[in-house]
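Q: mind folding the following:
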Amino acid sequence: MLLATPTVILGLMIGMFVRGFDMNVYAQIGLVMLIGLSAKNAILIVEFAKMKREEGVAILDAAVEGSRLRLRPILMTSFAFILGCVPLMLAHGSGAASRSTMGRAWCMA
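A: Reported below is the predicted structural model:
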């Protein structure tokens, strides 16, 4: 859980730098959204591991089991989120710059 936020920030910063985008307010909004999504996933993994720990399972086994149980729902949520951002990335017309920047920031990390 402690590594989720720095990993998301690093991924977004590297993605924005490699693609030559500015870190403007829209990218920062995308960063806040990604931090929230990664923190939610990390909290759910810890919660499932805690439940297994209360059942008497060893700490390492509880962590592995919690991660294994939450992997599929996390991947499904992440892919749905990324696919939902594709229309933002491909935006054209009036206000497209802000929508495109937010969509790219969300899909990068």
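
Q: so what's residue 67 up against?
A: 45, 49 (Cβ atoms under 8 Å, 6 or more residues apart in numbering). Quick note: C-beta positions are derived from backbone N, CA and C, even for glycine.

Q: could you rerun that using 7 Å?
A: residue 45 (Cβ atoms under 7 Å, 6 or more residues apart in numbering).

Q: pLDDT score for it?
A: Note on residue 67: pLDDT of 89.

Q: again, but for residue 55
A: 91.

Q: counting neighbours, what do you get for it?
A: 9 (other Cβ atoms under 10 Å).

Q: ok, it to residue 66 distance?
A: The gap separating residue 55 from residue 66 is 11 Å, by Cβ to Cβ, to the nearest Å.

Q: residue 101 too?
A: In terms of Cβ to Cβ, residue 101 sits 35 Å off from residue 66.

Q: which one's more surrounded, those two?
A: Each of residue 101 and residue 66 had its neighbours counted (other Cβ under 10 Å), and the higher figure belongs to residue 101 (24 against 21).

Q: check contacts around the closest residue to that one other than its chain neighbours.
A: Take residue 101 and drop its neighbours on the chain: the residue closest to it by Cβ to Cβ, 6 or more residues apart in numbering is residue 26, 4.0 Å away. Residues in contact with residue 26, defined by Cβ under 7 Å, 6+ apart, are 98, 101-102.

Q: element containing residue 26, please.
A: Per DSSP states H and E, residue 26 falls inside helix 25-54.

Q: next SSE downstream of that helix?
A: Scanning onward from helix 25-54 (DSSP H and E), the first element met is helix 59-89.

Q: what's the spacing between that following helix and its chain's center?
A: Taking Cα atoms, centre = their mean, to the nearest Å, the mean C-alpha location of helix 59-89 is offset from the chain mean by 9 Å.

Q: what comes up buried for that helix?
A: Across helix 59-89, burial judged by 16 or more other Cβ atoms under 10 Å covers 62-63, 65-66, 70, 74, 85, 88-89.
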